[in-house]
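> sharing a model prediction with you, sequence too.
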Protein chains: 4
Amino acid sequence: MAGNTIGHIFKLTTFGESHGPAIGGVIDGCPSGLKIDLDGIEKEMQRRKPGQSAIVTQRKEEDIVTFYSGIFEGETTGTPIGFLIHNKDQKSKDYSHIKDTYRPSHADFVYDKKYSKRDYRGGGRSSARETACRVVAGAIAKQILSDVKITAFVSSVGNIKVDSHYSSLNFLEIENNPVRCADPIVARKMEDHIKEIRKEGDTIGGVISCVIENTPIGLGEPVFDKLHANLGKAMLSINAVKGFEYGSGFNGTKLRGSAHNDSFDSDGKTRSNNSGGVQGGISNGMDIYFNVAFKPVATIMKAQQTIDSENNVVEMKGKGRHDPCVVPRAVPIVEAMAALVLVDFYLINKTIKI
Amino acid sequence: MAGNTIGHIFKLTTFGESHGPAIGGVIDGCPSGLKIDLDGIEKEMQRRKPGQSAIVTQRKEEDIVTFYSGIFEGETTGTPIGFLIHNKDQKSKDYSHIKDTYRPSHADFVYDKKYSKRDYRGGGRSSARETACRVVAGAIAKQILSDVKITAFVSSVGNIKVDSHYSSLNFLEIENNPVRCADPIVARKMEDHIKEIRKEGDTIGGVISCVIENTPIGLGEPVFDKLHANLGKAMLSINAVKGFEYGSGFNGTKLRGSAHNDSFDSDGKTRSNNSGGVQGGISNGMDIYFNVAFKPVATIMKAQQTIDSENNVVEMKGKGRHDPCVVPRAVPIVEAMAALVLVDFYLINKTIKI
Amino acid sequence: MAGNTIGHIFKLTTFGESHGPAIGGVIDGCPSGLKIDLDGIEKEMQRRKPGQSAIVTQRKEEDIVTFYSGIFEGETTGTPIGFLIHNKDQKSKDYSHIKDTYRPSHADFVYDKKYSKRDYRGGGRSSARETACRVVAGAIAKQILSDVKITAFVSSVGNIKVDSHYSSLNFLEIENNPVRCADPIVARKMEDHIKEIRKEGDTIGGVISCVIENTPIGLGEPVFDKLHANLGKAMLSINAVKGFEYGSGFNGTKLRGSAHNDSFDSDGKTRSNNSGGVQGGISNGMDIYFNVAFKPVATIMKAQQTIDSENNVVEMKGKGRHDPCVVPRAVPIVEAMAALVLVDFYLINKTIKI
Amino acid sequence: MAGNTIGHIFKLTTFGESHGPAIGGVIDGCPSGLKIDLDGIEKEMQRRKPGQSAIVTQRKEEDIVTFYSGIFEGETTGTPIGFLIHNKDQKSKDYSHIKDTYRPSHADFVYDKKYSKRDYRGGGRSSARETACRVVAGAIAKQILSDVKITAFVSSVGNIKVDSHYSSLNFLEIENNPVRCADPIVARKMEDHIKEIRKEGDTIGGVISCVIENTPIGLGEPVFDKLHANLGKAMLSINAVKGFEYGSGFNGTKLRGSAHNDSFDSDGKTRSNNSGGVQGGISNGMDIYFNVAFKPVATIMKAQQTIDSENNVVEMKGKGRHDPCVVPRAVPIVEAMAALVLVDFYLINKTIKI
């Protein structure tokens, strides 16, 4: 089926392995007439890239995007936008320790079994490096949806979490701390926790929350392409994601209908918002909000038992510079995927009435 | 975009409103040569249909499927399978109370805003009645995947939940109680709880867990069509679903990598299974398991404030026979959607090697 | 892949075998708010149905469409439109002569080889009966495109052809003769020719020309979904079609650029129209016109040599009531397919600019 | 809809404008385990590239393909194959004469009207330069279909044509003459004719015939994705194509059924092959053959009347080095598109039986 495309009208196709010469993508279906803000794209790339703070991987990747088509004199032309991000220093390294040995909870084993032939260098296609292309496309999607405000932030790391409702948080704090937590006091605790875990050679999981304000009413295409179903799929397609919930989420299962229902006010808004901005798979104009669960990074600096491709049990230990916790850098990826889903529905929605 | 199709090779398209003359579907891409077990389909339909026990809605719907094509002399021919489920007694009812009034936390409001023209009778297209068509297609998908065992069961209702790991449960108990809980003692508590809530005219949410045994290695198409991403989308497309998590899920975010990683044994299996049978978006041959969160049914027998189509604030109260808790009847729907996702990946997987 | 769907936004999926209980379809992506003219649909069905004149098959099929969804109080609601056309008298017939014997130039042989299991009754899925569903959907597409005028007519039968340019023909004549030829004098010759051929138990091919007036500028999605490429595919998907040409077509290959180029006038129209209303795959506002080649019907009343499923050479002869020439009844099908392609591009075109 | 992708399993997406920094593509769904023959790809590129003989454009384009992903140690890995072809010397030129003036029978006018913003340099996205990417992907498709032999050749230029049946031609002659005609004597006449026309500053059209030998039985997905329907669409999506016919084609419309039908022999082959290797949209194992009509190149060195973007009538004349006849260079493009269609159906066909 070829699973490297997302979207129906605004379509992103990505390609590239983490240690090949480049990764890249094609955006097909971007409307013409959009003045592209290259700085805006660059800014999103900076938020995702390695080495930006003391609590993320210290790998050096510049992540510079080169556009090859679809943009002319600074404006989109309606033709496909092709782009590359060249990989630096991808040559001379030694990958012999992972060439024939399957890292636990990585995709090495399944890629080998599924495809027989595998680029074993640093994760190959299964590397989270691929998400850089999503951030490029998401940044363009955001520029189309200029009225919509998409804000993601870290809401938990391990057992440390933000308890306040998002409406009482100051989103301007998010970029003021390396964890990208909207609560500066909790952020400090998270940062300390991540540092400690890194010292131990271990890793930790976390949750990213995302709030989408000012979505127009009517986005989403029931019955299978419900707005939250496609948001969920998009989030679950991000590396290391284990769960998705929107609105009242798993907690909502404990409530009674009389407490959960969102009654309407005379302006068409609802008093509560357990629906999370989506009813019957269609946006109702209220804030959309959801949580995305990330597992701890699988590469740890501790010895683990595993097997090689001939089923010999061997011991292995992570090498190199890896993130002790993925959520700080995943914040812009969550926003990008949300933007991609929304822009697709936004364009589709132009076709649904006579 | 027309969101009424799911699948890439094995495609289901559904149509129909809850109170129109019929609902139905088309399955395109079903392989030829499958001997159809009509009783197997009928059995799944019986599990979903209303009126089967004291704790579900007492509506009468026979849900008899008529096939019009694609099956000849009891065997699939590779051509599209069209089918209808006629709606009974859909005429003469009085819907005036919901014609112009938006039921809280239903899709009435958003359908009206999105499409302007809406079939207001009993939920129309947004009714969960549509899922009957999914169960038909899912039953056929199960017959193709005869080696794979898909088992869903209710694992929580409100605050009452099954605490044991699924491996210690006896799945044969599931159909022995009206809640479809795998633990008979917990099932009894859930049943009592649901009855109590119904008496109050209220509703309650719950969680369905699903375990898929014996999945072949290699299903799933990264990077966007990861196995768990499409499973997640499929589950989130079911009415009333608010969340999806697989493997360690949201709880896994609290773990360290050293505790979360699944180390390999010499037979290629993993010792633990926090991955939930999926690594890098591809099945690894271990059990796939996931949880699906359902909100409380929105139709309650209590007075609620809402608005009509002219934004007048009005009071409304549910009428008719509705489910006090949706999870018992949603068990076969979860299984059906899982089967649809798996069969699609199973067929795609035939194309990925030279 | 499941090839029973056409369209990207306005999607038609069809199902059904010629001698099963019914054929039918689902239209997904039809915009809401269209007042459906049922008489308009009925009229198109009448043009396609058997038995309407002396030169077509005398089979009796009433071809009555029943809609099951997507239309409420006479108006489309944006939800999928499901419909059936029941087959009459499909039971008790004797098909033993074609059960295991492959009719020459029919699809029996390839369906058997491809799928192993085949509905052999009267062509099964490969019967042109399936096109009735296309006419239903095409009629709805025409109603959306109310400003566009799509006119098909028979321009040749065997060696008898209309020589005049379409602009000198009176399209009102088309429905005045059973051949559906726009030139009444040629029509008479064609009719006589068809009658003669039928007497001989033989069949004859022909060409249908189609003219689309008043198409908006801008329809078509290069580079692969060029307007004429999708029109061509749609026409070639009709049973018995062997060729498609638009604008100057095959004849244009003989011209020099200086003679073929269409120079512009100050109003943006072109003086000549060798382009056939399409430049670079996008409509330019001039008339779109094209020709569709139909082979002679394969079922003849003469003895032919063929083989059975065990490769024994046998003699066979057509039975029953078949068309001696397919083009008169294919006129509404050509129009329907043109309408389906255009409406899809029309809706897509709403998404291409900021 | 984003029309820059072709294929369902083996999908090619292309991007790039003729005078941007590069054109490129992504192939998603290429099976793993294919040893890529880079020389084979290079050879196809050489056949398409400008400047290869005296009768084609003398532009210099090296057309060197760089692969960025999906191939590892010389073998496909099942992940998407991204590639670029850099454009040389695309800078400093003067395009002021076509910036605001619409070349007759080019796509300038319609792109401007459809998208408002247009890359006017040398045709931009509508340039046939884009087809270089198709040749790359087609070359890989050919390597998968190593048993199938796809041969295209020029069968007419203007009024000069090959009259012999393809079976009497020696395909080894095709690459021995600059026209790529399979008959060396006719080739010489065509060559002289093209030279003469070029001297006059004019252009001429032609026909390419294609023969596909050794196709497995069973390719094609009725009813809409018939083998010949998708072949037709693929051919019609090539720049300058005006028509497509397969098997008996337009000529077959003149025949009677008794003459046209292909009767079977005891080995399952047919005695005649008016069907052109396709019955009911599915390959029957006989040779597939078809014709593709190309109009004369629109850029001529003669003065023509046209308009500018403000509807002023102006005179314009072609500049630069253009092909006087496109068919010699289009031969590998026709083969590439045929290979893309076949490989897609070949992979799909693996999914259609239990």
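Yep, it's here. Numbers count the residues shown, from 1 in each chain, chains lettered A, B, ... in the order given.
> relative to the whole chain's centre, how far out is the lengthiest helix in chain A?
For chain A, the helix with the greatest residue count under DSSP state H is helix A:327-348. The chain centre lies 7 Å from the centre of helix A:327-348; the measure is CA atoms, centre = their mean, to the nearest Å.
> and A:L227, how far from C:G78?
Plainly put, A:L227 is 15 Å away from C:G78 if you go by CB to CB, to the nearest Å. Backbone N, C-alpha and C define where each C-beta goes, glycine included.
> looking at the two, which is more packed in?
Legend: neighbour count by other CB atoms under 10 Å in any protein chain shown for A:L227 and C:G78, higher for A:L227 (30 against 27).
> show me what contacts that one?
Contact analysis of A:L227 by CB atoms under 8 Å, 6 or more residues apart in numbering or on different chains lists A:L219, A:G220, A:V278, A:G281, A:I282, A:S283, A:I288, A:V341, A:F345.
> other SSEs contacting the longest helix of chain A?
Packed against helix A:327-348 by the contact rule (3 or more CB pairs under 8 Å, 6 or more residues apart in numbering or on different chains; DSSP states H and E) you find helix A:38-48, helix A:131-144, strand A:149-157, strand A:206-213, helix A:227-236, strand A:288-294.
> try 6 Å
Counting contacts by 3 or more CB pairs under 6 Å, 6 or more residues apart in numbering or on different chains; DSSP states H and E, helix A:327-348 is packed against helix A:38-48, helix A:131-144, strand A:149-157, strand A:206-213, helix A:227-236.
> make JSON lines from those and add distance to C:A137 and mean pLDDT to it.
Below are these laid out as JSON lines (distance: least, CB to CB, whole Å; pLDDT from 0 to 100):
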{"stretch": "helix A:38-48", "distance to C:A137": "42", "mean pLDDT": "95"}
{"stretch": "helix A:131-144", "distance to C:A137": "32", "mean pLDDT": "98"}
{"stretch": "strand A:149-157", "distance to C:A137": "38", "mean pLDDT": "98"}
{"stretch": "strand A:206-213", "distance to C:A137": "36", "mean pLDDT": "98"}
{"stretch": "helix A:227-236", "distance to C:A137": "26", "mean pLDDT": "98"}
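> residue of the stretch 201-350 of chain A nearest chain B, please.
Relative to chain B, the nearest point of the stretch 201-350 of chain A is A:G280 (2.4 Å; CB to the nearest CB).
> how about the stretch 101-250 of chain A?
Using CB to the nearest CB, A:A107 is the residue of the stretch 101-250 of chain A that sits closest to chain B, at 2.4 Å.
> would you mind listing what in the stretch 1-150 of chain A touches chain C?
By CB under 6 Å from any CB of the partner chain, the residues of the stretch 1-150 of chain A that approach chain C are A:I9, A:P31, A:S32, A:G33, A:L34, A:G78.
> same thing but 7 Å
A:I9, A:P31, A:S32, A:G33, A:L34, A:G78, A:I144 (CB under 7 Å from any CB of the partner chain).
> the nearest residue to the fourth one once chain neighbours are set aside: neighbour count?
Leaving aside its sequence neighbours, A:G33 sits nearest to C:I354 (CB to CB, 6 or more residues apart in numbering or on different chains; 4.1 Å). If you count neighbours by other CB under 10 Å, C:I354 ends up with 16.
> I'd guessed C:I354 sits against A:K35; true?
No: if you go by CB atoms under 7 Å, C:I354 and A:K35 don't touch, sitting 8.9 Å apart.
> centre of the chain to stretch A:262-279, how far?
Distance, centroid of stretch A:262-279 to centroid of chain: 27 Å (CA atoms, centre = their mean).
> how far does that stretch stretch from start to finish?
10 Å (CA to CA, to the nearest Å).
> re the thing from before, just the buried subset of the residues of the stretch 1-150 of chain A next to chain C, please.
In the residues of the stretch 1-150 of chain A next to chain C, burial by neighbour count holds for A:I9, A:P31, A:S32, A:L34, A:G78, A:I144, counting by 16 or more other CB atoms under 10 Å in any protein chain shown.
> just say helix, strand or coil for the first one.
Right, A:I9. Under DSSP: H, G, I helix; E, B strand; the rest coil, A:I9 falls in the coil class.
> the closest residue to it other than its chain neighbours and C:C325, how far apart?
Closest residue to A:I9 apart from its sequence neighbours, by CB to CB, 6+ apart: A:L347 at 4.2 Å. Computed as CB to CB, the A:L347 to C:C325 distance reads 45 Å.
> higher neighbour count, those two?
Taking neighbours as other CB under 10 Å, A:L347 and C:C325 compare with C:C325 leading, 29 against 25.
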